[in-house]
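S.K.: sequence first, predicted coordinates after that:
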Amino acid sequence: MSVAAVLTGIVVFLLLIVVLVGVYLASLYNRLVKKRNRYENSWSQIDVQMQRRLDLIPNLVSAAKAYLKHERETLEAVIQARNQAAGAREKAAAAPGDPSAIKELSSAEGSLAGAMGRLMVVFEAYPDLKANQNISQVMEELTSTENKIAFARQAYNDFVMDYNVTRESFPAVLFANLFGFKEAALFEVDSEEARKAPKVSFD
């Protein structure tokens, strides 16, 4: 066998290796894009429901003001926590999965849960509130929205976990950062604050 034939064989073999590596990297890239799109899309479901809740809270506070004239501090705390959560939601919506944005949102959500919990305790001291049809309706809508947020958050976390596992698996871990696929953060509300938020039934 001539030297030229040997060199040709080596070149063909090397080209075949390059093509196979290229095909694998293209497949890996597409798989990561698909998984990232899944968790980003599931975030949009959380975002819609969170915005709905943020829209409902001022309605609740406004309807309760007539009954809670001596509870101004509690009402203001709810609005302040709501505004903080609104700002954090916007940052998270701009970068779903970003660890710093999700951490800020989790903290804001915990504060909002705590403020709403304290408001519910105050509500218990005012029986007339429970009889108010507007307040009862808003509370029902808030409860429904909270359930939808919890469901959407679970779906988001499942997709993030799937993305992160793929991203951290070998050999994907060698190329993920190179392709710009960074680790995505789970969305877990500050559990300590959330535990402070008692559930009050208006039935």
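M.R.: Structure's in. What do you need? Numbers count the residues shown, from 1 in each chain.
S.K.: can you pull out the helices in the protein?
M.R.: Using DSSP state H, the helices of the chain run over 3-64, 72-94, 99-124, 127-131, 133-168, 172-175, 191-195.
S.K.: okay, the ones you listed in a markdown table with mean pLDDT and mean neighbour count next?
M.R.: In this view, the C-beta of every residue, glycine as well, is placed from N, C-alpha and C. Output for the helices of the chain, formatted as a markdown table (pLDDT from 0 to 100; neighbours: other Cβ atoms under 10 Å):
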| stretch | mean pLDDT | mean neighbour count |
| --- | --- | --- |
| helix 3-64 | 91 | 14 |
| helix 72-94 | 94 | 17 |
| helix 99-124 | 92 | 19 |
| helix 127-131 | 78 | 12 |
| helix 133-168 | 94 | 17 |
| helix 172-175 | 90 | 14 |
| helix 191-195 | 50 | 14 |
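S.K.: of those, which is nearest residue 185?
M.R.: helix 99-124 (4.1 Å; Cβ to Cβ).
S.K.: okay, angle between that closest one and helix 3-64 too, please.
M.R.: Going by axes from the mean of the first three to the mean of the last three Cα atoms, to 10 degrees, helix 99-124 is angled at 20 degrees with respect to helix 3-64.
S.K.: so what's residue 126 up against?
M.R.: Counting by Cβ atoms under 8 Å, 6 or more residues apart in numbering, residue 126 touches 67, 68.
S.K.: now do it, the pLDDT please.
M.R.: Note on residue 126: pLDDT of 83.
S.K.: circling back: and of the helices of the chain, who's closest to residue 184?
M.R.: Per Cβ to Cβ, nearest to residue 184 of the helices of the chain: helix 133-168, 4.6 Å.
S.K.: same for the closest one, what does it pack against?
M.R.: Helix 133-168 sits against helix 3-64, with contacts defined as 3 or more Cβ pairs under 8 Å, 6 or more residues apart in numbering; DSSP states H and E.
S.K.: what about 10 Å?
M.R.: helix 3-64, helix 99-124, helix 127-131, helix 172-175 (3 or more Cβ pairs under 10 Å, 6 or more residues apart in numbering; DSSP states H and E).
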